[in-house]
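# here is the input, now give the coordinates:
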Amino acid sequence: MSKFANQQRFFHRLGTRVRTLRKKHGYSQEDMISHGFSARHWQQIEAGRSITVSTLLRICAVFETSVERLVRGLDRGIYED
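Residues are numbered from 1 along each chain as shown. So this is what the prediction gives:
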């Protein structure tokens, strides 16, 4: 029997973490436009829509953090049979 990852749960957690990070840095969603994101795309990221690795790397660059640090622990409990 193989397990699969509940991607929806992972990306929801990621969106929550990204929102927290944005607020910690004092940015509004509209401020993210100056970092190359459309307001709509940024809203989708924070809402938990799936993103590409390229987008993940862009987010890390904006907040000057590593991918490892950004996603650490987000996969806890997402693997299901």
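# residue contacts, Ile51?
Contact analysis of Ile51 by Cβ atoms under 8 Å, 6 or more residues apart in numbering lists 11, 14, 45, 59. Using the backbone N, CA and C atoms, a C-beta is placed for each residue, glycine as well.
# so what's the residue count around the last one?
Okay, so that is Ile59. 23 (other Cβ atoms under 10 Å).
# work out for me the element it sits within.
helix 53-63 (DSSP states H and E).
# show me which positions of the lengthiest helix in the chain end up buried.
Determined from DSSP state H, the single longest helix within the chain is helix 7-24. By 16 or more other Cβ atoms under 10 Å, the buried positions in helix 7-24 come out as 9-15, 17-19, 21-22.
# now swap in stretch 44-62 and tell me
Buried, per 16+ other Cβ under 10 Å, within stretch 44-62: 44-46, 48, 51, 56, 59-60, 62.
# need the residues you listed in TSV with pLDDT, can you?
Converted to TSV, the buried residues of stretch 44-62 look like this (pLDDT from 0 to 100):
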residue	pLDDT
Gln44	98
Ile45	98
Glu46	98
Gly48	97
Ile51	98
Leu56	98
Ile59	98
Cys60	98
Val62	97
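# find the residue at the geometric middle of the protein.
By Cα atoms, centre = their mean, the chain has its centre lying nearest to Leu14, at 3.8 Å.
# ok now stretch 19-26, how far from the chain's centre?
Taking Cα atoms, centre = their mean, to the nearest Å, one finds stretch 19-26 lying 12 Å from the centre of the chain it belongs to.
# correction: the previous question concerned stretch 23-43.
With Cα atoms, centre = their mean, you get 12 Å for stretch 23-43.
# again, but for stretch 56-66
10 Å.
# show me the shaky parts of this protein.
Scanning the chain for pLDDT under 70 picks out the ranges 1-2, 81.
# circling back to that earlier point, what is the most widely separated pair among the contacts of Ile51?
Pairwise distances across the contacts of Ile51 peak at 12.4 Å for Phe11 and Ile59 (criterion: Cβ to Cβ).
# okay if I get the contacts of Ile51 as TSV plus distance to Leu74?
As requested, the contacts of Ile51 are exported to TSV (distance: Cβ to Cβ, whole Å):
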residue	distance to Leu74
Phe11	9
Leu14	6
Ile45	14
Ile59	13
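# appreciated, that's everything.
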